[in-house]
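Chemist: got a predicted structure plus its sequence, pasted below:
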Amino acid sequence: MSDQPNIVGRAVQDFEEWVKAIDGALSLGDEQKAYAVLRGVMHQLRDRMPMEEAIHLGAQLPTLVRGVYYETFTPGAPEKERDETAFLTRVAERIRRDDVDPEAATRAVFAVLRDKCDPGQIAQVVHIMPDEIKPLLR
């Protein structure tokens, strides 16, 4: 037996906490849907931010959530959605679930981010978003 902490077990536990928090917030009753929400919203946030800020947020995430966040990541200029409707349309496209409201999904994921990440980093994410999108993140 090793005296080392169970790093893999802790990473899985952290990931499950995030998925269960989203599942509970949205009353989905389905962790697969909650995972789709986490992935879709995180990808939209990541791709809407300047690369440096996206990387700073990624550094705050637990190991497996960070892996989901960086999945399909292609460094480049941020997407240009400036209004809530366009942002939520992209969230819906990324979630790929007709039975999940993209606004509620965005609010649920951001609530988990606020709960689990450094408040200063989350304030910076909100600050860099266009004014029309900021209400979704509060």
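Modeler: Right, received. Where do you want to start?

Chemist: ok, the closest residue to residue 109 other than its chain neighbours - contacts?
Modeler: Distance criterion C-beta to C-beta, 6 or more residues apart in numbering; nearest residue to residue 109, sequence neighbours excluded, is residue 41 at 3.9 Å. In this view, the C-beta of every residue, glycine as well, is placed from N, C-alpha and C. By C-beta atoms under 8 Å, 6 or more residues apart in numbering, the residues touching residue 41 are 91, 94, 95, 105, 106, 108, 109, 110.

Chemist: same thing with residue 36?
Modeler: Residue 36 makes contact with 95, 96, 97, 100, according to C-beta under 8 Å, 6+ apart.

Chemist: try it again with 10 Å
Modeler: Taking C-beta atoms under 10 Å, 6 or more residues apart in numbering, we find residue 36 in contact with 22, 28, 30, 94, 95, 96, 97, 100, 105.
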